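Participant: Quick one: sequence plus predicted model below, questions after.
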Amino acid sequence: MQVYKPVLKTFLHVNPKIKLFLLTAITLNLSACSSLGVEPWERDLLATKAMALTSSPVDAALDDHIYFSKEASSGGKSFGGGGCGCN
Amino acid sequence: MSNLDGKSKTMNKKNHLKAALSLATSALLGTSVATAPVVQAKEVDEWQFDSAFLLYSEADRVTAGEGILAGTKTFDDGEILALKITVDALTGASANGAVAQPQAQTFTRPSGNGQYEIAAGETPLDDTFHDTRVQLNAQWTQLIADNLTGSVGGHFSKEYDYLSLGVNGNVAYDFNNKNSTFSMGLSYFQDTFTPEGGIPKPLSSMLVGDSSSPEWDKEFAKTRLGTSEDKTTADVLVGFTQVINRRMITAFNYSYSMVDGYLTDPFKVASVLNNQGIAQDYIYENRPDSRVKQSTFMQAKYHFDDSLLNTVADVSYRYMWDDWGINSHTIDSRFTIPIGRVSYIEPHIRFYQQSAADFYKPYIMDDEVPTGFISTDYRIGEMTAVTVGAKYGVVLNGGNELSFRLEYYRQMPTNAGFVDPDGLNSIDVYPVVEAIIAQVSYSF
């Protein structure tokens, strides 16, 4: 019979040095997060259309349709969804 | 004076709402309302339209034309209504899944009405392929509490042989002075497929012979299961967006997708070859009736300064894996380079690589008894694909934008370790597919 080790238990048993490294990395990440970002008056560049996460939704919709039909992957950025026979 | 102050406060409030809404909708829905109030070309309460026509044309295969008209209206209180209609028409030839042969081959059309012949050495393509599709989308987005945005949407699409209905709901929470956004979305699709000629019995042999014989219809019906099949797709998407600094924004998504129902392609067959590699039979493919896909997606956008022509770099990476044994890597990058004050050029490079599904084979041998899942569809086989191209956009008088896009897409299926029989030595088992993508867009 195969015995599965609980994930948490496995994680807690990792090398203490790795644990320390992970904790440090996580802490640094969290503290860095709080200093990330801009003040509202510093959004001049972020506010431009070119800096929107999807700068052209129409292009994105057309591309999604093409690649959904021709490849085995879809979604990721937005919903993968159904929606067409796409042969 | 106080009036002016009051008006300014109201405007600020509106702008903040808009900023919050737009960041959330960008992250979740891919809509393009700008991410902050400072630069807004259009006033609130006006419709903004994006339209486009795209031509997708494969060498010797499918050609598709697709038109989109999308309208967005932002109301006084910052609610956003987005409506979109998409119409596309498709014609041409599609690979039927069989492998090319040193001699000519005859296949029956999916409808059962007639047959077609493929010349020696040619990849079998069914050239009766045509369809027209109409799709409607509607999305409503609004602030539901401080820093919390909600959005709901619906989807309808109808083809000659396919009906798809979908709904979605999303929430986004802004924090850290709106520099961070956590979002979550759910979507559900219900699709019905009614292919011409009905649903073939998986693994049954394609009937080939005299289709004008009185027995034909009866014999053809024996290879059919019914007239239609259903499929449902449930997606969960979790996202995190972080403004790094004045020039950089990043996004991270995780998605989980469950697809259940009829996932087989009723138009695809597999060649059954003898040990010389000569086709003895063609059997209809058979895929599992469920698929669980997961993906992680990362995106960074960076606005360079004058020294790099104020270029905006948009780079993203997606890793997808599923329980069919497919995993894929997608790297997508666009560089928007302003030319003067009113136009820009945007080179685009996309790289895609996928592994094959566990049940993918380019063909089967007649000493293997096909009992389980089998598909020869190159789209779930091992493949690398590349897209290169560019877009040119110009802002006309009045702020309307006209743009042109031209791209080249190349799919390169590869051998995932199958050893071909000698008879296929001179045959291209993994043919390259090339396509041109041409698009004109106009926003007004």
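Facilitator: That came in fine, so what should we check first? Only a predicted model underlies this, so the values are computations on that prediction, with no experimental measurement involved. Numbering: from 1, shown residues only, chains lettered A, B, ... in the order given.
Participant: so the residue of chain A at minimum distance from chain B, which of the three states?
Facilitator: Closest residue of chain A to chain B, CB to the nearest CB: residue A:37 (2.7 Å). All C-beta atoms are positioned from the backbone trio N, CA, C, and that covers glycine. With DSSP: H, G, I helix; E, B strand; the rest coil as the basis, residue A:37 sits in coil.
Participant: check contacts around residue B:315.
Facilitator: Residue B:315 is in contact with B:299, B:300, B:301, B:331, B:332, B:333, counting by CB atoms under 8 Å, 6 or more residues apart in numbering or on different chains.
Participant: Residue B:317 is in contact with the last one, correct?
Facilitator: No: the pair residue B:333 and residue B:317 does not pass the contact test of CB atoms under 8 Å, sitting 9.5 Å apart.
Participant: coming back round to it: thought residue B:174 was touching the residue of chain A closest to chain B, still the case?
Facilitator: No: the criterion here is CB under 8 Å, and residue A:37 misses it with residue B:174 at 11.0 Å.
Participant: okay, the two: which has more neighbours?
Facilitator: residue B:174 (22 against 18; other CB atoms under 10 Å in any protein chain shown).
Participant: what's the spacing between that one and residue B:314?
Facilitator: Separation of residue B:174 from residue B:314 (CB to CB, to the nearest Å): 22 Å.
Participant: Equivalent analysis for residue B:328, please.
Facilitator: Using CB to CB, residue B:328 is found at 20 Å from residue B:314.
Participant: burial measure for the closest residue to residue B:198 other than its chain neighbours, as a count.
Facilitator: Spatial nearest neighbour of residue B:198, chain neighbours left out: residue B:224 (4.2 Å); criterion: CB to CB, 6 or more residues apart in numbering or on different chains. A total of 16 residues lie near residue B:224 under the criterion other CB under 10 Å.
Participant: Give the residue spans of chain B that score low on pLDDT.
Facilitator: Counting by pLDDT under 70, chain B contains low-confidence ranges at B:1-45.
Participant: now the helices for the chain?
Facilitator: Defaulting to chain A. For chain A, applying DSSP state H gives helices covering A:7-12, A:16-35, A:57-70.
Participant: look at chain B instead
Facilitator: Listed in chain order, the helices found in chain B under DSSP H are B:2-29, B:216-221.
Participant: Look up which residues are beta-bridged to residue B:243.
Facilitator: Note on residue B:243: beta-bridge partners by DSSP bridges are residue B:249.
Participant: residues touching it, list them.
Facilitator: Listed by CB under 8 Å, 6+ apart, the contact partners of residue B:243 are A:36, A:37, A:38, A:46, B:179, B:180, B:249.
Participant: which residues touch the second one?
Facilitator: This points to residue A:37. By CB under 8 Å, 6+ apart, the neighbours of residue A:37 are B:176, B:177, B:179, B:180, B:242, B:243, B:244, B:245.
Participant: Please report which of those residues has the highest neighbour count.
Facilitator: Counting by other CB under 10 Å, top hit in the contacts of residue A:37: residue B:243 with 25 neighbours.
Participant: Just give the closest residue to the residue in chain B that chain A sits nearest to, not the sequence neighbours.
Facilitator: Of all residues in chain B, residue B:179 sits closest to chain A, at 2.7 Å by CB to the nearest CB. Excluding the flanking residues, the one nearest residue B:179 by CB to CB, 6+ apart is residue A:37, at 2.7 Å.
Participant: Turn the contacts of residue A:37 into JSON lines, including distance to residue B:211.
Facilitator: As requested, the contacts of residue A:37 are exported to JSON lines (distance: CB to CB, whole Å):
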{"residue": "B:176", "distance to residue B:211": "68"}
{"residue": "B:177", "distance to residue B:211": "70"}
{"residue": "B:179", "distance to residue B:211": "66"}
{"residue": "B:180", "distance to residue B:211": "64"}
{"residue": "B:242", "distance to residue B:211": "61"}
{"residue": "B:243", "distance to residue B:211": "64"}
{"residue": "B:244", "distance to residue B:211": "64"}
{"residue": "B:245", "distance to residue B:211": "68"}
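Participant: from those residues, which single one is nearest residue B:443?
Facilitator: Nearest to residue B:443, judged by CB to CB, of these is residue B:243 at 25.2 Å.
Participant: where's the closest one relative to residue A:41, distance?
Facilitator: 13 Å.
Participant: now residue B:104
Facilitator: Between residue B:104 and residue A:41 the distance is 72 Å, computed by CB to CB.
Participant: Comparing these two, which shows the higher neighbour count?
Facilitator: In this view residue B:104 and residue A:41 are compared by other CB under 10 Å, and residue B:104 has more residues nearby, 11 against 8.
Participant: quick one: that one and residue B:121 touch, right?
Facilitator: No: under the criterion of CB under 8 Å, residue B:104 makes no contact with residue B:121, lying 9.4 Å away.
Participant: Roughly how far does the closest residue to residue B:432 other than its chain neighbours sit from residue B:174?
Facilitator: Leaving aside its sequence neighbours, residue B:432 sits nearest to residue B:412 (CB to CB, 6+ apart; 5.5 Å). To residue B:174, residue B:412 is 43 Å away according to CB to CB.
Participant: Also residue A:35?
Facilitator: 17 Å.
Participant: before we move on, what about residue B:66?
Facilitator: From residue B:66 over to residue B:174 (counting by CB to CB), the distance is 34 Å.
Participant: Ok, residue B:214 next?
Facilitator: According to CB to CB, residue B:214 stands 70 Å off from residue B:174.
Participant: Bridging across strands, which residues link to residue B:129?
Facilitator: Beta-bridge partners for residue B:129, by DSSP bridges, are residue B:92.
Participant: Just to check, it is in contact with residue B:90?
Facilitator: Yes: contact criterion CB under 8 Å: residue B:129 and residue B:90 qualify, at 7.0 Å.
Participant: who touches both of these two?
Facilitator: Residues within reach of residue B:129 and of residue B:90 at once, by CB under 8 Å, 6+ apart, are residue B:62.
Participant: Any residues of the stretch 251-400 of chain B in contact with chain A? List them.
Facilitator: Contact residues, the stretch 251-400 of chain B versus chain A (CB under 8 Å from any CB of the partner chain): B:251, B:253, B:255, B:257, B:259, B:265, B:267, B:293, B:295-297, B:299, B:301, B:303, B:312, B:314, B:316, B:318, B:320, B:322, B:326, B:328, B:330, B:334, B:336, B:344, B:352, B:354, B:357, B:379-380, B:383, B:385, B:391.
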